[in-house]
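Asker: Attaching a predicted model along with its sequence, questions to come.
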Protein chains: 2
Amino acid sequence: MIEFTFTLKKDAADPLYVQLYRYIKHAVQNRKIAADTRLPSVRKLSQHLKVGKNTVETAYHQLLAEGYIESRPRSGYYTCCLDDSLALRAGMRPEVHPPALRKSTLPCHYDFRYGQIDPEQFPAKTWRRLVIKSISPEDASLYDYGDRQGEYGLRMEIAKYIYPARGAACSPEQIIVTAGTQQALDLICKLTRSSNKRAAVEDPGYAGGRLILESNGLELRPIPLTASGINLEKLAESQAQMVLVSPSRQFPYGISMPISKRLALLNWAEKTGALIIENDYEGEFGYNSRPIPALQGLDQNGNVVYLYTFSNSFLPSIRISFIILPEPLLKRYHDHFAILEQSVSRMQQKTLQFFMAEGYWERHIRKMKKLYKRKCQLLIDSLSLCLGDRAEVVGSSAGMHLLLRVKNGMGEAELIEKAWEAGVKIYPVSNLWMYPSDAEESLILLGFGGMKEDQMAQGVRLLKKAWSV
Amino acid sequence: MIEFTFTLKKDAADPLYVQLYRYIKHAVQNRKIAADTRLPSVRKLSQHLKVGKNTVETAYHQLLAEGYIESRPRSGYYTCCLDDSLALRAGMRPEVHPPALRKSTLPCHYDFRYGQIDPEQFPAKTWRRLVIKSISPEDASLYDYGDRQGEYGLRMEIAKYIYPARGAACSPEQIIVTAGTQQALDLICKLTRSSNKRAAVEDPGYAGGRLILESNGLELRPIPLTASGINLEKLAESQAQMVLVSPSRQFPYGISMPISKRLALLNWAEKTGALIIENDYEGEFGYNSRPIPALQGLDQNGNVVYLYTFSNSFLPSIRISFIILPEPLLKRYHDHFAILEQSVSRMQQKTLQFFMAEGYWERHIRKMKKLYKRKCQLLIDSLSLCLGDRAEVVGSSAGMHLLLRVKNGMGEAELIEKAWEAGVKIYPVSNLWMYPSDAEESLILLGFGGMKEDQMAQGVRLLKKAWSV
């Protein structure tokens, strides 16, 4: 019988049976266990690994179903001979493409990943209580398909919040709840399909947004930035019928668009009949001033679709965003798209509704703004202390990330590689340009939302060493 | 001061403040309360309506934000004068389009709506326990963005279930979790955008699916049905590069495609390089035979994308579906679409994963199959008893609905109207045809998933009267 020199990790992201399944699958695939080898019995292996029999059974069951092992009566489980025909028969080639995110989610003490929140500050207990409230067995109506635009009560809370907080005026009837920002953009593309062929995007900008626009058949027009945001002359030249912008906080440069440019942008839209998609991303987290109200509130002519997400700053794994449609698009939605199903589960919508209605949402946002502001300042101080004038911080007046322009002669790839070798994960920005060759050299991204304060300081010290600055 | 002759309903779907807000808004809009009228104070109105002050405050707050009322210092709240310019300024025209679903979700004792589950059978307590488990404050990793294809553990459970249950062979790596069937179809369209221009659909068929294909720019080719499902000759003539089919159970006719046609369909796909999207809808709920395994399991050449939803038969409000991609599409996904975010919240995915891993899923499906089979038979018996040979049941060997061909000379619209007048809601099918004028006359749809058994019998008796048959 073969030896298993394998330790299952109780605290890993994957359950034990998944770990065991993967281990054996790899071993069979890579011929580390030869074909026709008898595997230990469920009982023996569970004793050896000190796990429940169920864990081993489940892993074996899946390996059986996929054809990696076979069961021989009165003898036990044996590894299969993996030839090409078998893989073909099962219609699969497992593990050809390991999930892209796996690697980067390995635990790391100094991970400046953007898009992480501070887990200790998340109001887990309150959230849990409200989740339970949302699955009340007495209210079986929630089992059913809900309102396709989203729960009315949630839309009401959103309308109530978004006007004072972001200056976006709307009635609940104009709101459509979506499962994340990308789905929101996708819906906007569908609503405007007949009239729009060319879409302008900030360059650099939100890469996931570009993909959605492109995959809806739109020709993209990358528009360069000026110090005050998107270049309006280039935008006018582009003849785009639609533009995706983040006036509150441009990604990744963090530019907040001044009011004069906002009005000029609205003017352009009015004159050309173009649609502005306002991605109001991290609008609450302006640190040096009161947040600038949304463009949508200035719009007199129904040229702006407003887009807001709860994922980014609140809970990345929740996947709730919404859009506010101006009247012409709302009409088109009702005329042609009213049979689209709502994509967010009703219980999740209700939970968020309760969270907002009971005042937790505003309290949480206020608290996080303070916290992230402090983290941001700490990171800037650390960078200044350690790197001095060999590095320049860009776009640090808001949000949960900043950019760092490093002046030691290294390019983006080398900066990242050296940092990773020193145990610090930092991230590229060149992929945010439509053509990465246009990207600014020696610029990297540091997210700090999920970092602990002492981690940041230590991470920066390691960066100093890694980059020999 | 004005009188409020208004009763708030504690057991309504909308919270009290929503009801109050809507009441006042309507009153102001329709001039039932004149402009410049002073509203009761929060305290007085809350006493009068016997609700909390918070309820009134919240409603007033929203009315203020939307500009229906205004606050005058040391005097109170007054209704605004609603002229067109105000509505324009706020960028809104509230209530122009009341949400389409509202009406049909009013309580009704005899509602044969399709897409409802039996609420009493839903394992709410177990589900709640597992939801709580999925929001463990100890496992903060769940707050973060997760695997973009979907949680690996959930995909593992799916792969383990779907092979024995539906004959669809796959590894977890081939699975992509989506927020419902429409999002799944949308992703497939995006993946095949470059090569596909014409998509064939069953006619009649799933209307929501047609909308997704169309809104992705595909030309639709409606293919008529034969007694064994989609007409293969017409399909071949259509020169479609993609076809959306439901071999297990055609919607709405309930046809189960025989193996010979399945093989012929695969053969067509192989010869022409076309893609088959197998919408394996209610595949578990075949009542007169063992479920027929999925087409995907027969595919040798990577021509089938398999699509499964947990919404329909399990919990409509949960919004979780998945697709199994064949190798060529999986490669395209990783090459070009790996930056698309996952749309289903991680907690929901984890909850479903636990539900499957702990054996509840299979148990629930087994139980519901029995229950729906009994309901189906009871409904058929009632129809036969009451309507005799003046009505014919179609497609009743599976699923949660059946069709009724009524032979009393009335058309679809009249049948539905008469039934509604008698207090029984039944539903049209003509909208399932691409061109409703092609629809079969005098055919209506009865869903029975959410009906109680005695309701069904009584509902059918009322139908007999309403139709005078």
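Answerer: Perfect, I can see it now.

Asker: only C-alpha atoms for contact and neighbour calcs from this point on.
Answerer: OK.

Asker: Need the residues that contact stretch A:369-389.
Answerer: A:284-285, A:287, A:391, A:393, A:396, A:398-401, A:448-449, A:453, A:456-457, A:460-461, A:464, A:469 (Cα atoms under 8 Å, 6 or more residues apart in numbering or on different chains).

Asker: May I see the ChimeraX selection of the buried members of these?
Answerer: Of the contacts of stretch A:369-389, the buried ones go into a single ChimeraX selection, burial set by 16 or more other Cα atoms under 10 Å in any protein chain shown:
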select /A:284,285,287,391,393,396,398,399,400,401,448,449,456,457,460,461,464
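
Asker: Narrow the contacts of stretch A:369-389 to those in strands?
Answerer: Using DSSP state E, the subset of those located in strands is A:391, A:393, A:401.

Asker: for chain A, which helix is longest?
Answerer: Counting residues, the longest helix in chain A under DSSP state H turns out to be helix A:360-387.

Asker: tell me which of the ones in strands among the contacts of stretch A:369-389 is nearest to chain B?
Answerer: Distance to chain B, by Cα to the nearest Cα, is smallest for A:H401 among the ones in strands among the contacts of stretch A:369-389, at 15.6 Å.

Asker: which non-adjacent residue is nearest that closest one?
Answerer: A:G447 (4.0 Å; Cα to Cα, 6 or more residues apart in numbering or on different chains).

Asker: show me the residues around that neighbour that make contact.
Answerer: So A:G447 contacts A:112-116, A:400-402 (Cα under 8 Å, 6+ apart).

Asker: Kindly provide the distance from it to B:Y287.
Answerer: Going from A:G447 to B:Y287 by Cα to Cα, to the nearest Å gives 55 Å.

Asker: next one: A:E233
Answerer: Relative to B:Y287, and taking Cα to Cα, A:E233 is found at 66 Å.

Asker: and what of A:L385?
Answerer: Where B:Y287 is concerned, A:L385 sits at a distance of 73 Å (Cα to Cα).

Asker: What of A:E421?
Answerer: In terms of Cα to Cα, A:E421 sits 60 Å off from B:Y287.

Asker: Would you report the backbone torsion angles of the residue nearest to A:N231 when sequence neighbours are not counted?
Answerer: Distances taken as Cα to Cα, 6+ apart place A:L225 nearest to A:N231, at 5.2 Å, with adjacent residues excluded. When quoted as degrees, to the nearest 10, the phi and psi of A:L225 stand at phi -100, psi 150.

Asker: What is the neighbour count of A:L225?
Answerer: The number of residues packed near A:L225 is 18, by other Cα atoms under 10 Å in any protein chain shown.

Asker: Wait, it touches A:E233, no?
Answerer: No. In this structure A:L225 lies outside contact range of A:E233 using Cα atoms under 8 Å: 10.6 Å.

Asker: what does the stretch 251-400 of chain A put close to chain B?
Answerer: A:297, A:299-302, A:315-319, A:326-327, A:331, A:334, A:337-341, A:343-347 (Cα under 8 Å from any Cα of the partner chain).

Asker: Mind checking what helix or strand follows the helix or strand hosting A:P222 in sequence?
Answerer: In this assignment (DSSP states H and E), A:P222 forms part of strand A:219-226. Where DSSP H and E defines the elements, the next helix or strand beyond strand A:219-226 is strand A:229-230.

Asker: And the next helix or strand after that next one, what does it pack against?
Answerer: The helix or strand immediately downstream of strand A:229-230 is helix A:232-238, counting by DSSP H and E. Helix A:232-238 sits against strand A:219-226, with contacts defined as 3 or more Cα pairs under 8 Å, 6 or more residues apart in numbering or on different chains; DSSP states H and E.

Asker: what does the average pLDDT come to for the strand it packs on?
Answerer: For strand A:219-226, mean pLDDT rounds to 97.

Asker: One more: stretch A:397-406?
Answerer: Here the average pLDDT along stretch A:397-406 is 89.

Asker: domains in chain A, as residue ranges please.
Answerer: A:16-79, A:103-116+A:363-467, A:136-358 (automatic domain parsing).

Asker: Go through those domains and find the least confident stretch.
Answerer: Among the domains of chain A, domain A:16-79 scores lowest, at a mean of 82.

Asker: Tell me how many other residues surround A:Y68.
Answerer: By other Cα under 10 Å, neighbour count at A:Y68 equals 24.

Asker: what do you get for A:Y21?
Answerer: For A:Y21, using other Cα under 10 Å, the count is 22.

Asker: For it, which non-adjacent residue is spatially closest?
Answerer: Leaving out its chain neighbours, the residue that sits closest to A:Y21 by Cα to Cα, 6+ apart is A:A59, at 4.7 Å.

Asker: The one you found and A:Y23 touch, don't they?
Answerer: No. A:A59 is beyond contact range of A:Y23, at 9.8 Å (criterion: Cα under 8 Å).

Asker: Please identify which of those two sits among more neighbours.
Answerer: The residue with more neighbours, out of A:A59 and A:Y23, is A:A59; 23 against 16, by other Cα under 10 Å.

Asker: Pretty sure A:G449 sits against A:Y114.
Answerer: Yes. A:G449 lies in contact with A:Y114 (Cα under 8 Å); the separation is 7.1 Å.

Asker: Give me the common contacts of those two.
Answerer: In contact with both A:G449 and A:Y114: A:400-401, using Cα under 8 Å, 6+ apart.

Asker: Enumerate every residue touching A:Y333.
Answerer: A:L191.

Asker: For chain A, identify the residue most remote from the centre.
Answerer: A:R74 (50.3 Å; Cα atoms, centre = their mean).

Asker: tell me the secondary structure for that one?
Answerer: At A:R74, secondary structure determined by DSSP: H, G, I helix; E, B strand; the rest coil is coil.

Asker: who touches it in this structure?
Answerer: No residues are in contact with A:R74 under the rule Cα under 8 Å, 6+ apart.

Asker: Which parts of the stretch 51-200 of chain A are helices?
Answerer: A:53-66, A:84-89, A:124-134, A:152-166, A:181-191 (DSSP state H, counting those that start in this stretch).

Asker: Comparing the ones you listed, which stretch has the densest surroundings?
Answerer: With neighbours defined as mean count of other Cα atoms under 10 Å in any protein chain shown, those peak in mean count at helix A:181-191, which reaches a mean of 23.

Asker: State the distance from A:Y60 to chain B.
Answerer: Separation of A:Y60 from chain B (Cα to the nearest Cα, to the nearest Å): 10 Å.

Asker: before we move on, the earlier item: and B:E270, which of the helices of the stretch 51-200 of chain A is closest to it?
Answerer: With Cα to Cα as the measure, helix A:84-89 is the member of the helices of the stretch 51-200 of chain A nearest B:E270 (14.7 Å).

Asker: I'd like to know the average pLDDT value across the closest one.
Answerer: 38.

Asker: ok, back up a step: what's the strand holding A:P222 packed up against?
Answerer: strand A:198-203, helix A:207-215, helix A:232-238.

Asker: list the buried ones in it?
Answerer: Result for strand A:219-226 [16+ other Cα under 10 Å]: buried residues A:219-225.

Asker: any residues touching that strand, and which ones?
Answerer: For strand A:219-226, using Cα under 8 Å, 6+ apart, the contacting residues are A:197-204, A:210, A:213-214, A:230-231, A:234-235, A:238, A:240, A:434.
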